[in-house]
Structures are given as C-alpha cells and as structure tokens.
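Fold the following.
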Amino acid sequence: MDDAEARDREEQFWRERIQWRVRELARAKGIPSALQLSERIKLNKNSANNLWNGTALRIDRDTLAKLCHTLECTPGDLLVFVRDESAAERR
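Here you go, the predicted model:
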C-alpha cells in the first residue's frame, strides 16, 4: 500500500467514528422521513437524505442552523463520536 492509500484509509477510519443523529432526533420531534425533513428545513432532497442516512460529509452553517432550530437541539446533539478501542492498537 502506498502513502496515499494509507492516508485515505486513515481518513476513512476517523470519518466513520463520527456519526450523525439526525434521524433519531427528527423522529423524536415527529418528523418520520428524510423527505419531510427536507420540506421542513427547505433543503435539497438528496442532502436531507444524506443527513438522514448518516452519509453526509459536510454541512453548511445555514443548514446546521435550520436543523438545530427545527429539531430544537445544538450542533453537538447532531453528532456522536464512536470510540473504537482497536484504534489505539493500530497506532
């Protein structure tokens, strides 16, 4: 494996440690689907679907503010860091 591949794998590993909680929070507020979320916050359906399914890599500040307002939460509530004990062993 070359250096670029190793960096990509490392980035992917850390990216997977941060997980979205949008679906969980939205459902708790009575929003049952990504489509309804997109309609509520006036967000592109694909972007809302990526947030809903936890595959979004980036979010702009306006969208973040709309999510927090609609879901009555803070930015920190939208994400969770999943600890992986094997990560320490890899370093």
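
And the helices in this structure?
For the chain, the helices defined by DSSP state H cover 3-17, 22-28, 34-41, 45-53, 61-71, 75-78, 85-90.

so how far is residue 51 from the closest residue in space to residue 75 that isn't next to it in sequence?
Distance criterion CB to CB, 6 or more residues apart in numbering; nearest residue to residue 75, sequence neighbours excluded, is residue 64 at 5.8 Å. C-beta: built from backbone N, CA, C; applies to glycine. Look at residue 64 and residue 51: by CB to CB, to the nearest Å, they are 10 Å apart.

ok, the residue nearest to residue 75 touching residue 76?
No - the criterion here is CB atoms under 8 Å, and residue 64 misses it with residue 76 at 11.0 Å.

Of these two, which one has the most company?
Neighbour count, other CB atoms under 10 Å: between residue 64 and residue 76, residue 64 has more, with 13 against 9.

got any ranges where this protein has weak pLDDT?
Across the chain, the ranges flagged by pLDDT under 70 are 85-91.

Let me see the contact set for residue 16.
residue 82 (CB atoms under 8 Å, 6 or more residues apart in numbering).

What distance do you get for it to residue 34?
21 Å.

what does residue 78 give?
14 Å.

For residue 22, the count of nearby residues, please.
Neighbours around residue 22, by other CB under 10 Å: 25.

now swap in residue 19 and tell me
Residue 19: 13 neighbours (other CB under 10 Å).

Surely it is in contact with residue 82?
Yes - counting by CB under 8 Å, residue 82 is a contact partner of residue 19 at 5.7 Å.

ok, for residue 48, nearest residue in space, not its chain neighbours?
residue 38 (3.4 Å).

dump the residue contacts of the residue nearest in space to the middle of the chain.
Geometric centre of the chain, nearest residue: residue 20, 3.1 Å, by CA atoms, centre = their mean. Residue 20 makes contacts with 51, 54, 56, 78, 79, as judged by CB under 8 Å, 6+ apart.

Neighbours of the first one, how many?
In this case it means residue 51. Based on other CB under 10 Å, the number of other residues close to residue 51 is 24.

now the third one
Around residue 56 sit 16 other residues, with neighbours defined as other CB under 10 Å.

From residue 48, how far out is it?
9 Å.
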